[in-house]
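Trainee: let me see the structure of the following:
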Amino acid sequence: MKTLLQIVLTGLIVLILSNILGGVYVADFFTAIVVAAILALLNIFIKPILLILTLPVTVVTFGLFLLAINAFIILMADWLIEAFRVDGFWWAVLFSILLSFFQSIVFALAQRKR
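Mentor: So this is what the prediction gives:
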């Protein structure tokens with residue numbers, strides 16, 4: 001139940017960010033939920049592999065390369081979902097930063113309510 005709530009909240013954040021950012025497009029709320037679910041799956045299965053493969057670069061850049069990894073995950077979701085579009089790498093980086101920021105705020109507030 002907790003995971004389902006997190007996916008719905010992330011979908012809402014994705015929809016809001018797509019309305020704010022000019023380079024990110026989501027067709028509707030259902031697509032935003034699908035984007036949230038796909039991002040969760042990519043973060044579970046693909047991101048750890050990318051982290052291990054790029055560990056030397058991540059260490060040399062003091063962790064800043066993680067922004068590129070997150071942007072790549074967003075671009076993979078763009079490639080997988082037809083009704084979700086990100087116009088480029090830098091829009092993906094900005095979307096990733098804002099998504100992480102708002103997720104941390106919303107999830108902290110949801111934990112506090114319990």
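Trainee: where are the low-confidence patches of the protein?
Mentor: 1, 114 (pLDDT under 70).
Trainee: please enumerate the strands of the protein.
Mentor: For the chain, applying DSSP state E gives strands covering 24-26, 84-86.
Trainee: parallel or antiparallel, which strands does the last one pair with?
Mentor: Strand partners for strand 84-86, identified by DSSP bridges, are recorded as strand 24-26 (antiparallel).
Trainee: show me what the partner strand is in contact with.
Mentor: With contact meaning CB atoms under 8 Å, 6 or more residues apart in numbering, strand 24-26 is reached by 14-15, 17-18, 32, 35, 83-87, 91, 95. Backbone N, C-alpha and C define where each C-beta goes, glycine included.
Trainee: got it, and stretch 34-41?
Mentor: Under the contact criterion CB under 8 Å, 6+ apart, stretch 34-41 has outside partners 3, 6-8, 10-11, 13-14, 26, 73-74, 77, 80-81, 83-84.
Trainee: which of those tops the neighbour count?
Mentor: The residue in the contacts of stretch 34-41 with the most neighbours, by other CB atoms under 10 Å, is Val14 (26 neighbours).
Trainee: any idea how far that residue is from Leu4?
Mentor: From Val14 over to Leu4 the distance is 15 Å, taken as CB to CB, to the nearest Å.
Trainee: ok, the closest residue to Asp87 other than its chain neighbours - contacts?
Mentor: Nearest residue to Asp87 in three dimensions, chain neighbours excluded: Gly23, at 3.7 Å (CB to CB, 6 or more residues apart in numbering). Counting by CB under 8 Å, 6+ apart, Gly23 touches 86-88, 90-91, 94-95.
Trainee: ok, now Ser100?
Mentor: Ser100 neighbours (CB under 8 Å, 6+ apart): Asn70.
Trainee: again, only using 6 Å
Mentor: For Ser100, no contacting residues are found, by CB atoms under 6 Å, 6 or more residues apart in numbering.
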